[in-house]
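# Whatever this is, show me its structure:
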Amino acid sequence: MHNNDLKKDIMTACIIMHNMIIEDERDLNSPIVEERDVPPPNVEFVEDEDTQFQEFLARFRQIKDATAHFALRNALIEHLWNEYSNSEN
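Just a heads-up that it's a prediction; the model follows:
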């Protein structure tokens, strides 16, 4: 098995276990909240198309940042490991 396949399997297992825990802890008798008060987003309109395109590229780079992706993924794995490997249940 390749290292990437192992990482993928570990991450998939973490996600599945997380979903199982959430499902187990869910209160079936609690009311479902369908509506939330959310403040409207603060949107700035840009007249300059070049500036707008550069801002788009900056956001795109943030989304595709592999270092940030792996840091967030590893933080999630570590959190789940610490949270549930030391619990009494």
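
# Okay, now the unreliable bits of this structure?
Within the chain, the set of residues satisfying pLDDT under 70 comprises 1-2, 28, 32-33, 46, 87-89.

# Where do the strands of it begin and end?
Read by DSSP state E, the chain holds no strands at all.

# list the buried ones in the longest helix along it?
Longest helix in the chain by number of residues (criterion: DSSP state H): helix 3-25. Neighbour counts over helix 3-25 (16 or more other CB atoms under 10 Å) mark residue 14 as buried. For the C-beta atoms, the positions are set from N, CA and C on the backbone; glycine is no exception.

# what comes into contact with that helix?
Residues outside helix 3-25 that contact it (CB atoms under 8 Å, 6 or more residues apart in numbering) are 1, 73, 76, 77, 80, 84.

# ok, now stretch 67-74?
Applying CB under 8 Å, 6+ apart, the set of residues contacting stretch 67-74 is 11, 62.

# and it, how far out from the chain's middle?
Mean-position distance between stretch 67-74 and its chain equals 10 Å (CA atoms, centre = their mean, to the nearest Å).

# Alright, that wraps it up for me.
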